[in-house]
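**Q** output the structure for:
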Amino acid sequence: MQVKPGISLPFHTCTHNKEQDVYKRILVPVDGSDTSTRALVAALQMARESGGSVRMVHVIEDLAQVIAYDPYGAYPGDLSKVMHDNGQKLLAEAMAVAQSAGVSAEQHLVEASGQRLAEAVLEEASRYKADLIVVGTHGRRGLGRVLLGSGAEQIIRQAALPVLVIRSGELEKARHGSAAAEPSLSTP
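**A** Numbers count the residues shown, from 1 in each chain. Sure, this is the predicted structure:
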């Protein structure tokens, strides 16, 4: 852009407060995938650096939405129990990581009856009064993204608060032609 002499541009003063960039209440969905683990590690690092806290959530989606069960039919009790137990196990493992990192954390299992994943995550972020959501993505493109959808994309589109997206290690490998660094969190 070229400015002609005699024309003044509006000048906006911007005061930058580093405190505004600090996220104290971070929500991170966990599902046991590599990208979820990478997101958890990033969230814990940020919380530790800011003196903040993390809420880890695992969402059990309604079986009718996930695998096209008849919503009025009976779910096999064993499948519901397995999904619930698996969610509790994932959250316990995430909590152990947070505790070993010395980060204040809590966990919550969300049963999203009649809700999509993004809706359940955003509702939980609101309840927690989160400043930030940290979510992992597989980075699918094209037909894979259309067919499988993207929970991260849905969260980004619907969120009224900042969302930090952590890409999968496979994307890093493809970009750099070498093995991506595994997520790690050094203890204090």
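**Q** hey, which helix or strand in the chain has the poorest pLDDT?
**A** Least confident helix or strand, the chain: helix 142-148 with a mean of 42, by mean pLDDT, DSSP states H and E.
**Q** what does the helix or strand just after that helix contact?
**A** Using DSSP states H and E, the next helix or strand after helix 142-148 towards the C-terminus is helix 151-158. Applying Cβ atoms under 8 Å, 6 or more residues apart in numbering, the external contacts of helix 151-158 come out as 29, 116-119, 121-122, 133, 135-137, 145, 163, 165. All C-beta spots, glycine's among them, are computed from the backbone N, C-alpha and C.
**Q** let's go with 6 Å and repeat that
**A** Where contact means Cβ atoms under 6 Å, 6 or more residues apart in numbering, the residues beyond helix 151-158 that reach it are Leu117, Ala118, Val121, Leu122, Val135, Thr137, Val163, Val165.
**Q** which of those scores worst on pLDDT?
**A** Across these, the smallest pLDDT goes to Thr137, namely 83.
**Q** the closest residue to that residue other than its chain neighbours: neighbouring residues, count only.
**A** Closest residue in space to Thr137, ignoring its immediate chain neighbours: Ala152 at 3.9 Å, by Cβ to Cβ, 6 or more residues apart in numbering. If you count neighbours by other Cβ atoms under 10 Å, Ala152 ends up with 25.
**Q** what's the separation between Ala152 and Val28?
**A** Ala152 sits 12 Å away from Val28, going by Cβ to Cβ, to the nearest Å.
**Q** same thing with Arg167?
**A** Arg167 is 15 Å from Val28, by Cβ to Cβ.
**Q** who has more neighbours out of those two?
**A** Neighbours per residue (other Cβ under 10 Å) separate Arg167 from Val28, with Val28 holding more: 29 against 17.
**Q** just the C-alphas of the helix or strand encompassing the more buried one, formatted as CSV.
**A** Per DSSP H and E: Val28 is located in strand 25-29. Extracted C-alpha coordinates of strand 25-29, given in CSV (Å, rounded to 0.1, in the frame of the first residue of the first chain):
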residue,chain,number,x,y,z
ARG,A,25,-8.6,-22.5,32.6
ILE,A,26,-7.8,-24.9,29.8
LEU,A,27,-10.2,-27.6,28.6
VAL,A,28,-8.8,-30.6,26.6
PRO,A,29,-10.9,-33.4,25.2
